[in-house]
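>>> Mind looking at a prediction? Sequence and model below.
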Amino acid sequence: MEFELIAKTFMGLEPILAQELIELGANDVQIGRRMVSFTGDKAMMYRANFALHTAIRVLKPIRHFKARSAEEVYDEIKKMEWEQYIQEGKTFSVDSVVYSEEFRNSRFVTYKVKDAIVDYFREKFGKRPNISVTNPDIQLHIHIAEADATLCLDSSGESLHRRGYRQESVEAPLNEVLAAGMILMTGWRGETDFIDPMCGSGTLPIEAALIARNMAPGVFRKEYAFEKWPDFDADLFEEIYNDDSREKDFNGHIYGYDVDMKAVNTAALNVRAAGLSKDITIAQQDFKNFKQPANPAIIVTNPPYGERISTPDLLGTYRMIGERLKHEFKGNEAWVLSYREECFQQIGLKPSLKTPLFNGSLECEFRKYQMFDGKMKEFREEGGIVKTEEEKRMMAEKHRFKKNREFKKRMDEQEENEEADIRSFTFHSLERRNEHEERERRTERREARKERFTGEWRDKGGKKPYGKRDSRDDRGGRDSRDSRNSRDSRGSRDSRGSRPSRGDRDNRRGGFSKDRKSNFQERKKIFDNED
């Protein structure tokens, strides 16, 4: 029996996630904003949690209703037969995301849902289930878009980016889901060697090894929320977990380098924990000493942005990156994720593709550089391809993701509901330039006004027109405060071994399945504004 499911992801990774779902065998795959909807049975739900590289979590909708008031939310939730989902002695939690003029505070909706469930059990059974924020047995998610509400069971529990192999971390580690999405976006599937010259805690090399071998990232994970559901099928999940028929050999090699010895030790520890030491080499090396690799390779890297981590000479670092790529990476392609336009400019190379991506709350670009020896004209005459037809089409798109920008307005209110919550793609390099010019114009007007009033005061011998406000204006005053750019802290940075034994994992319980396929095409529109 199939039912509707929703896989959430980061803005920009939706097509990658959709392709993963298609390859996994999901039906009715449709792309939304930071989510992909699909249909499948219980096995597909288990497999999606276990095998998807670019999903943050997998939700199972169990009720759709109109939510025009708090009373209506309470009544609709209370109508449900909650003993099907929450058994005696089990705990639950509720997470909410709201886009509605009626409900300005998502926590208010959370409380209403909790009250309805508690009152249902108290009136019917004389006792109520407990609420657990840290480790609930059943996790619920309610999404309200204007008057349309969808209540879901969260089948994942802890975010799927928490693979389970990370033993230690460094400052600003790269999110595992974002790292996997970056690699899949390049089209690399293990055909060549893979290099990350600024590997941090080793996230990109480890995710690359999983992709090259087509290993499920869930193989390291201890548990999923669906294992606590009443109808959890342990034998079915055991079969999915132990099925390695999709895995493949990897004949290349993966290299991770970093100048910081602490990062090198951390990355090496994480690689060993993942059982991938045969495929990955971690070593201390400054990118400025990088030499042309002996075999064909791809570079995918996430240099410092100057936000949460930086270097003594940030722009000089990017000039060095461009110089190394130009002279020591000929005949290969490199992909760089960064935040500042001025940093990209220092690379000094023309990208063949620019893709907007969010790293946490930072609106970044993921740029591809096709490296070749000699002049571009000669490279093309010899049959070299700098930019594919698909890349030309993508680069020709105007205002990509512009239609999503209105969803950024409630980012601060909702960010506690999902790590790295995203509303839109907007590149601010031009906006910062405009703000700087406007700031200069305001300063000029303020200085001219001060000079004029000060002259009048001196001529008349009267009281100074601005009084104490003069000192504040000299420091930049209100205009200066209004024009300050506050940026959110940088988001997450950062030989095939034996598979973990199921016997080593914790005991498991629970599960749920119900057919909600009817009217799916219409209902999925609710999630076009997914949090």
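Thanks, I have it.

>>> make it CA atoms for all contacts and neighbour counts henceforth
OK.

>>> low-confidence ranges in the protein?
Residue ranges of the chain with pLDDT under 70: 306-311, 373-437, 450-531.

>>> Just the CA trace of the helix or strand harbouring E363, in CSV.
Per DSSP states H and E, E363 falls inside strand 362-370. Coordinates of each C-alpha in strand 362-370 appear next as CSV, following Å, rounded to 0.1, in the frame of the first residue of the first chain:
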residue,chain,number,x,y,z
LEU,A,362,24.8,32.3,4.0
GLU,A,363,23.8,32.8,0.4
CYS,A,364,26.7,31.2,-1.4
GLU,A,365,27.7,30.3,-5.0
PHE,A,366,29.1,27.0,-6.1
ARG,A,367,31.3,27.7,-9.2
LYS,A,368,32.8,25.3,-11.7
TYR,A,369,36.1,26.0,-13.3
GLN,A,370,37.2,24.0,-16.4
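
>>> If you count neighbours, what's buried in that strand?
L362, E363, C364, E365, F366, R367, K368, Y369, Q370 (16 or more other CA atoms under 10 Å).

>>> now swap in stretch 114-134 and tell me
K114, A116, I117, V118, D119, Y120, F121, R128, P129, I131.

>>> which pair in those spans the largest distance?
Between any two of these, the greatest separation by CA to CA is 14.2 Å, found for Y120 and I131.

>>> Phi, psi for the closest residue to Q370 other than its chain neighbours please.
With CA to CA, 6 or more residues apart in numbering as the criterion, Q370 has its nearest non-adjacent residue at 4.6 Å, and that residue is E333. Phi and psi for E333, reported as degrees, to the nearest 10, are phi -120, psi 150.

>>> Please name the bridge partners of E333.
I298, Q370 (DSSP bridges).

>>> before we move on, what about the one 5 residues further on?
Per DSSP bridges, the residues bridged to S338 are E365.

>>> That one and Q346, how far apart?
For S338, the distance to Q346 (CA to CA, to the nearest Å) stands at 12 Å.

>>> Comparing the two, which residue is more hemmed in?
Set S338 next to Q346 and count neighbours by other CA atoms under 10 Å: S338 wins out with 23 against 18.

>>> Secondary structure and distance to E102 added to the buried residues of stretch 114-134, as a markdown table?
Listed next are those as a markdown table, based on DSSP: H, G, I helix; E, B strand; the rest coil; distance: CA to CA, whole Å:
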| residue | secondary structure | distance to E102 |
| --- | --- | --- |
| K114 | helix | 19 |
| A116 | helix | 19 |
| I117 | helix | 21 |
| V118 | helix | 23 |
| D119 | helix | 23 |
| Y120 | helix | 24 |
| F121 | helix | 27 |
| R128 | coil | 29 |
| P129 | coil | 29 |
| I131 | strand | 26 |
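
>>> Of those, which is the nearest to R47?
Out of the buried residues of stretch 114-134, the member with the shortest distance to R47 (by CA to CA) is I131, at 28.4 Å.

>>> so who does the closest one touch?
Applying CA atoms under 8 Å, 6 or more residues apart in numbering, one finds that I131 lies in contact with T91, F92, S93.

>>> which SS class is the last one?
The one in question is S93. Here S93 is strand, with the state taken from DSSP: H, G, I helix; E, B strand; the rest coil.

>>> let's have the chain start at 13 instead
In the new count, where the first residue is 13, that last one comes out as S105.

>>> State the distance from the residue nearest to it when sequence neighbours are not counted to E203.
Nearest non-adjacent residue to S105, counting by CA to CA, 6+ apart: Q151, 5.1 Å away. As for Q151, its distance to E203 is 40 Å (criterion: CA to CA).

>>> between these two, who's got more neighbours?
Using other CA under 10 Å as the criterion, Q151 and E203 rank with Q151 on top: 26 against 15.

>>> Now do the one helix or strand that one maps to: which elements does it pack against?
Here Q151 is covered by strand 150-157, with elements defined by DSSP H and E. Using 3 or more CA pairs under 8 Å, 6 or more residues apart in numbering; DSSP states H and E, the elements in contact with strand 150-157 are strand 103-111, strand 160-166.

>>> With distance to R461 and mean neighbour count added, can I get those strands in JSON lines?
What follows is those, written out as JSON lines (distance: least, CA to CA, whole Å; neighbours: other CA atoms under 10 Å):
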{"stretch": "strand 103-111", "distance to R461": "44", "mean neighbour count": "22"}
{"stretch": "strand 160-166", "distance to R461": "53", "mean neighbour count": "22"}
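
>>> got CSV for those strands, with distance to I223 too?
Output for those, formatted as CSV (distance: least, CA to CA, whole Å):
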stretch, distance to I223
strand 103-111, 32
strand 160-166, 26
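
>>> And those: which comes nearest G37?
strand 160-166 (20.8 Å).

>>> residues making contact with the closest one?
So strand 160-166 is contacted by 69-79, 150-156, 237-238, 538 (CA under 8 Å, 6+ apart).

>>> Between the two ends of stretch 74-88, what distance do you get?
Stretch 74-88 has its terminal residues 12 Å apart, counting by CA to CA.

>>> other SSEs contacting the host helix or strand of C355?
If you go by DSSP H and E, C355 is part of helix 353-359. The contact analysis (3+ CA pairs under 8 Å, 6+ apart) places helix 353-359 against helix 326-340.
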